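In: Have a look; sequence and predicted model below, questions after that.
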Amino acid sequence: MSGYTRPELLVSPEWLGDNLGRPELRVLDVRWRPDGTGRATHMTGHIPGAVHLDWATDLVDADDPAGLFTLAGPEQFASALGRAGVGDGTTVVLYDDSASLFASRVWWSLRVYGFESARLLDGGYGAWVGEGRPISNAQSTPTAAAFTPRSMLRLRLSTSDVRGLLGSPEISLLDARAPAEYRGLEGNARRLGHIPGAVNVPVAAMSAPGTGRFRSGDELRLGRVGRPAGPAGRPLTESIPLLGQPQPPSAASLVAGSGARDRPAHGSTSWCGARIWARV
C-alpha cells in the first residue's frame, strides 16, 4: 500500500487472510445484483466468516418516494449494522466484485454515521479468489452488536448545498461517471448531462485494468487520472448512478490515494437530474 496518503483505508488479501478470526474484525460481503440475487451469490462462495449485507435494502431509505437509493436514517442504519455484527469498536472490511462500487458506497455510509474503522479489500472478491485463498458457502450468524450512529452531516450534500457551492474557486466538483453519461449521451436521470462546472474523472480510471485493484497512490493523484482540480481545490465528488443508485467509489480511492476531502453529493445526478439541473 505504499504511496497512499491514507493507506489504512485499504487492506490487501494477504492482510485479511492473516487477520481472519480476530474477534473485533467483521468482514462484510456487499455484492449486489439488480435482480435481488446478491445473497444467493454470497451463498455460492464467500470469504470465510463474511456476513452478507444487502446495502440497497438495509442501508437505503425505503420511504424515499423517488426511489433514488438515498441513505437510510440513523435508526434503520444502526439496526442493520447491529444485526450484521458491526458495533462500536469493530473493524470492518468491505468487499464486492464490482470494482469496489458497492463496498465504497457502504464505506461512505459508515463514515456519514461517524464510523471510521472501515476498510476496503483492494481488488475485492476477485483478488481474494485470484490468490487461491479459501472460500466458504457456510452461512455466518454474527452476534448482534450495538452500533451508535453519530451523524457527520458535513460528509453529505443535498442538491441545494451543491447549488450554493457552484462557482466557488475553492471547490472542485468531480463527476465520476462514465464519459458517455457525463456528456449526456446516456443515463438514468430525466435530464441527461452533468452539473455545471463538474470535471469528469471516470471511476474506471481509479482501478488498474483487469485487476480491480486501485492504482498506485501516485497515479491516483488527480493530475494522473483526470484533469487537475488545482492545489487549493477541495474535491467535492459527485456520485455514480449505476442503474439509478448513487455510488461514491471515487471518494474512497481519492481519499486513500491523494488525501482529498470527499463530500459526495447525496442522490447524485439521478437526483439532481430529476429536480433542478439542466443539461449542459
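Out: Received it, and whenever you're ready, just let me know what you need.

In: and this protein, what are its domains?
Out: Following automatic domain parsing, the chain resolves into domains at 7-152, 154-275.

In: got the contact list for the helix or strand that contains residue 79?
Out: According to DSSP states H and E, residue 79 maps onto helix 74-83. Contacts with helix 74-83, where a contact means CB atoms under 8 Å, 6 or more residues apart in numbering, come from 53, 58-59, 61-62, 71-72, 87, 109-110, 113, 115, 142, 144-149, 151. Just so you know, the C-beta spots here come from the backbone N, C-alpha and C atoms, and that holds for glycine as well.

In: what's the answer for stretch 10-29, then?
Out: With contact meaning CB under 8 Å, 6+ apart, stretch 10-29 is reached by 1, 4, 42, 46-53, 84-86, 89-96, 106, 119-123, 125, 127-128, 131, 133, 142, 214, 256.

In: what about 6 Å?
Out: 1, 42, 46-47, 49-53, 85-86, 90-94, 119-122, 127-128, 131, 133, 256 (CB atoms under 6 Å, 6 or more residues apart in numbering).

In: could you flag which of these are buried?
Out: By the neighbour-count criterion of 16 or more other CB atoms under 10 Å, the contacts of stretch 10-29 include these buried positions: 1, 42, 46-47, 49-53, 85-86, 90, 92-94, 119-122, 127-128, 256.

In: Take these and keep only those in strands.
Out: Within the buried ones among the contacts of stretch 10-29, residues falling in strands by DSSP state E are 51, 52, 92, 93, 94, 119, 120, 121.

In: Take those residues and lay them out in a markdown table including pLDDT and distance to residue 23.
Out: Below are those laid out as a markdown table (pLDDT from 0 to 100; distance: CB to CB, whole Å):
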| residue | pLDDT | distance to residue 23 |
| --- | --- | --- |
| 51 | 97 | 14 |
| 52 | 97 | 20 |
| 92 | 98 | 13 |
| 93 | 98 | 14 |
| 94 | 98 | 18 |
| 119 | 96 | 17 |
| 120 | 96 | 21 |
| 121 | 97 | 19 |
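
In: farthest pair in these?
Out: 52 and 119 (17.7 Å; CB to CB).

In: in the protein, which spans are strands?
Out: Using DSSP E, strands in the chain cover 10-11, 25-29, 51-52, 91-95, 118-121, 171-175, 199-200, 234-238, 240-242, 245-247.

In: Considering those strands, which stretch scores lowest in mean pLDDT?
Out: Lowest mean pLDDT within these: strand 240-242, at a mean of 30.

In: What's the end-to-end length of stretch 139-157?
Out: End-to-end distance for stretch 139-157, by CA to CA, to the nearest Å: 37 Å.

In: Buried ones in it, by neighbour count?
Out: 140, 142, 145, 147, 149, 155, 156, 157.

In: Kindly confirm whether my reading is correct that the third one touches residue 88.
Out: Okay, so that is residue 145. No. Using CB atoms under 6 Å as the test, residue 145 is too far from residue 88 to be in contact (7.8 Å).

In: just for the stretch 51-200 of the chain, where's the confidence low?
Out: 65-67 (pLDDT under 70).

In: quick one, longest helix in this structure?
Out: In the chain, with assignment by DSSP state H, the single longest helix is helix 101-112.

In: just the angle between that one and strand 25-29, please?
Out: Counting by axes from the mean of the first three to the mean of the last three CA atoms, to 10 degrees, helix 101-112 points 130 degrees away from the direction of strand 25-29.

In: Any chance you could give me helix 101-112 in PDB, C-alpha atoms only?
Out: C-alpha atoms of helix 101-112 as PDB (Å, rounded to 0.1, in the frame of the first residue of the first chain):
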ATOM      1  CA  LEU A 101     -18.500   0.300  -6.300                       C
ATOM      2  CA  PHE A 102     -20.800  -1.100  -3.700                       C
ATOM      3  CA  ALA A 103     -18.100  -1.500  -1.000                       C
ATOM      4  CA  SER A 104     -17.300   2.200  -1.400                       C
ATOM      5  CA  ARG A 105     -21.000   3.100  -1.000                       C
ATOM      6  CA  VAL A 106     -21.100   1.300   2.300                       C
ATOM      7  CA  TRP A 107     -17.700   2.800   3.300                       C
ATOM      8  CA  TRP A 108     -19.100   6.300   2.700                       C
ATOM      9  CA  SER A 109     -22.400   5.400   4.500                       C
ATOM     10  CA  LEU A 110     -20.500   4.300   7.600                       C
ATOM     11  CA  ARG A 111     -18.400   7.500   7.600                       C
ATOM     12  CA  VAL A 112     -21.600   9.600   7.400                       C
END
